[in-house]
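Participant: Pasting a predicted model and its sequence here:
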Amino acid sequence: MSRRSSRIKELTPADKRLLEQLSRTGVADRTQGNQQGVNDHRQDQLERSNFLSIEQHLVYGNQRDILVLSDAGKKWARENLPINQLYMRNNQQVEHDLRLTQMYLELPHINWKTESEFKNQLELETGQKPITGVDGTMEVTREQFIELMRQEDDRFTFKDLSMGQELPAICIIAVESIGETYSAGDRADKCTVSVQGNCQGIIMSERG
């Protein structure tokens, strides 16, 4: 197959889902790409077409292919998604970001906001730069919120931050991938800034 014919002429709905996910959580591994309907061959085509890069990173002691947005992918996201700032990934926290991606894939992610969007919005509202942020926020209905908070789930920790107040029809939930170095104080700070950002709840994950 020629190099020309191996390049992408039109993005599929699955391609777009993957690019949107990468814009919001920064990374995915091959399996997480597959979960969104993009097989390994298609991922390679997206790389050849400059929509994403496939990097090698050490993840839990093993080398793994990691998908990240490349120039054309970033351009597509900025032009086609309601997103002000892409997720700011960090090569020093790939495992953290992969956990966040799995949370994104397993939870409702309607109107997902990145950490940068959350922090900038909070600074606009309060006039002060927040000392921390959360990895993302999402919107759910009141009924979905109640169901999420009732679940006993070994994947996530759910915390109700509504403090007994009546829930709005649309609730905002903060999402946080807990790092290995997080202290009890760090977790408390995440809850505090979530309340400041008008979140009714927070969901945390520390799975490997």
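Facilitator: Alright, I've got the coordinates. Numbering: from 1, shown residues only.
Participant: So the residue nearest the centre of the chain versus Ala188, what's the distance?
Facilitator: Among the residues of the chain, the smallest C-alpha distance to the mean C-alpha position (Cα atoms, centre = their mean) belongs to Thr25, namely 3.1 Å. Separation of Thr25 from Ala188 (Cβ to Cβ, to the nearest Å) stands at 24 Å. The way it works is simple: take the backbone N, C-alpha and C, and place the C-beta from them, glycine included.
Participant: Arg89 now?
Facilitator: With Cβ to Cβ as the criterion, Arg89 and Ala188 are 26 Å apart.
Participant: Among those two, which residue is more densely surrounded?
Facilitator: More neighbours surround Arg89 than the other of Arg89 and Ala188, with 18 against 10 (other Cβ atoms under 10 Å).
Participant: what are the ranges of the strands in the protein?
Facilitator: When secondary structure is read from DSSP state E, the chain shows strands at 28-29, 52-59, 62-69, 110-114, 136-141, 157-160, 170-177, 201-205.
Participant: Mind putting those into CSV with mean pLDDT?
Facilitator: Converted to CSV, those look like this (pLDDT from 0 to 100):
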stretch, mean pLDDT
strand 28-29, 98
strand 52-59, 96
strand 62-69, 97
strand 110-114, 95
strand 136-141, 97
strand 157-160, 92
strand 170-177, 97
strand 201-205, 94
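Participant: Could you save these as a markdown table and add columns showing mean neighbour count?
Facilitator: Listed next are the strands of the chain as a markdown table, based on neighbours: other Cβ atoms under 10 Å:
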| stretch | mean neighbour count |
| --- | --- |
| strand 28-29 | 23 |
| strand 52-59 | 15 |
| strand 62-69 | 18 |
| strand 110-114 | 18 |
| strand 136-141 | 21 |
| strand 157-160 | 16 |
| strand 170-177 | 24 |
| strand 201-205 | 22 |
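Participant: For Val94, grab the count of nearby residues.
Facilitator: 21.
Participant: Does it touch Gln56 like I think?
Facilitator: No - using Cβ atoms under 8 Å as the test, Val94 is too far from Gln56 to be in contact (10.5 Å).
Participant: Need the overlap of contacts for the two.
Facilitator: With contacts defined as Cβ atoms under 8 Å, 6 or more residues apart in numbering, the residues shared by Val94 and Gln56 are Ile66.
Participant: Let me see the domain layout of this structure.
Facilitator: 13-86, 107-205 (automatic domain parsing).
Participant: any idea which of those domains scores lowest on pLDDT?
Facilitator: Mean pLDDT values for the domains of the chain show the minimum at domain 107-205, a mean of 92.
Participant: Endpoints of that domain, how far apart?
Facilitator: Using Cα to Cα, to the nearest Å, the gap from the first to the last residue of domain 107-205 comes to 12 Å.
Participant: next one: stretch 175-186
Facilitator: Taking Cα to Cα, the span from the opening residue of stretch 175-186 to its closing residue is 14 Å.
Participant: what's the answer for stretch 99-115, then?
Facilitator: Comparing the first residue of stretch 99-115 with its last one, the separation is 15 Å (Cα to Cα).
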